[in-house]
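Visitor: Coordinates for the following, if possible.
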Amino acid sequence: MLKLGFVSAILADFGYEHVIDFAANHGFSCVEIMCWPTDNADARRYAGVTHIDANRVLTDTTYAHNVMYYAKEKGIIISGLGYYPNPLDPDTEKAVYYREHIKQLIRAAAKLGLHNVNTFIGRNPAKNITENLKIFSEVWPDIVKVAEEHNVKIGIENCPMFFTNDEWPGGKNLATTPAIWDRMFEIIPSPILGLNYDPSHLIWQMMDEIQPIYQYKDRLHHIHLKDAKVYKDKLDRVGIMANPLEYHSPKLPGLGDVRWRQFFAALTDVRYRGPVCIEVEDKAYEGSIEDVKSAILTSRNYLRQFLG
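Guide: Reported below is the predicted structural model:
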């Protein structure tokens, strides 16, 4: 059935073995492991975390063996390798670097015997959707080709990456809505390309978070479990054209507006059998490492009612 795990980014100060130990000691089945390049850290919250060095996996067979051996010995599945940059960055040099590292992740996943890499499509915030889709059509087929050659699925998270003035006006990830997903999948019809679906991002866009599960059941490669709370009083003051964090906050599952019972009913309806990974981005739980651990375990306790 569904395999409950968490995204390792929240345990940024832990080493790989410590992350796996935490998962094993607290009843999790899997972990999505962050794989940012060690020589290109990102200062953004939850970014720049490296629990597996993908480049080292490809050059050091002993390291690669030990990575998988440790997880197997602890009974933990690696649900996917995660890396979330902006592959369509307007700075061409940066964009090329990001895309090349995604390819390295795909190769590393294959060497480790894994079948999922999770990332963003990216976006040039200054360009409109049509212009960004054109760029997507020019650069993403090459990435998908590498994934096809290695039989590794690509799960695109549907986060708009638009929260504050730093991402204004268009955000840094194109894959935000079903209408855009349709265009993406028309341009690149390969089933290798799919979604790392996070319902919380539809909540603050004022969209239905349940129906896409039915509509894109064959594209669900991975699931993030995060909630979002829309504050109606703030929304009434600033409107939907404001920076999104002015009227909403990411929350732990159960503390926001996602309809979790209907969400899990939909996943079972479509016979989804993959990983469902808690993604903690709730600022109320960032005061200490004990708060972070509590956030993961509080989320686990809430979600268990739907998982048996």
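Visitor: can you tell me how far the most centrally placed residue in the chain sits from V57?
Guide: Nearest to the geometric centre of the chain sits E157, at 4.8 Å (Cα atoms, centre = their mean). The gap separating E157 from V57 is 22 Å, by Cβ to Cβ, to the nearest Å. C-beta: built from backbone N, CA, C; applies to glycine.
Visitor: Leaving out sequence neighbours, find the closest residue to the residue nearest to the centre of the chain.
Guide: Residue nearest to E157 in three dimensions, not counting chain neighbours: N196, with 4.4 Å by Cβ to Cβ, 6 or more residues apart in numbering.
Visitor: Pretty sure the one you found sits in a strand.
Guide: Yes. Residue state for N196 (DSSP: H, G, I helix; E, B strand; the rest coil) corresponds to a strand.
Visitor: What's the local residue count around it?
Guide: A count of nearby residues for N196, using other Cβ atoms under 10 Å, gives 31.
Visitor: same deal with D233?
Guide: Neighbour count for D233, taken as other Cβ under 10 Å: 7.
Visitor: who's in contact with the one helix or strand it maps to?
Guide: Taking DSSP states H and E as the criterion, D233 maps to helix 232-238. Residues outside helix 232-238 that contact it (Cβ atoms under 8 Å, 6 or more residues apart in numbering) are E246, Y247, H248.
Visitor: Helices of the stretch 151-300 of the chain, residue ranges please.
Guide: 178-187, 200-203, 211-215, 232-238, 260-269, 289-307 (DSSP state H, counting those that start in this stretch).
Visitor: Out of the ones you listed, which gets nearest to E167?
Guide: Across the helices of the stretch 151-300 of the chain, E167 has its closest neighbour in helix 200-203 (13.3 Å, Cβ to Cβ).
Visitor: So for the helix holding D233, what gets flagged as buried?
Guide: Residues of helix 232-238 classed as buried by neighbour count (16 or more other Cβ atoms under 10 Å): L235.
Visitor: And stretch 301-308, by the same measure?
Guide: Buried residues in stretch 301-308, counting neighbours by 16+ other Cβ under 10 Å, are found at Y302, L303, F306.
Visitor: Run through who's touching that stretch.
Guide: M1, L2, L4, L225, L252, P253, G254, W260, R261, F264, V276, I278.
Visitor: Just the CA coordinates for it, please, in CSV.
Guide: In CSV, the C-alpha atoms belonging to stretch 301-308 read as follows (Å, rounded to 0.1, in the frame of the first residue of the first chain):
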residue,chain,number,x,y,z
ASN,A,301,0.7,10.6,14.1
TYR,A,302,-2.0,12.6,12.3
LEU,A,303,-1.5,10.8,9.0
ARG,A,304,-1.5,7.3,10.4
GLN,A,305,-5.3,7.4,10.7
PHE,A,306,-5.5,7.2,6.9
LEU,A,307,-2.7,4.6,6.4
GLY,A,308,-3.7,1.8,8.7
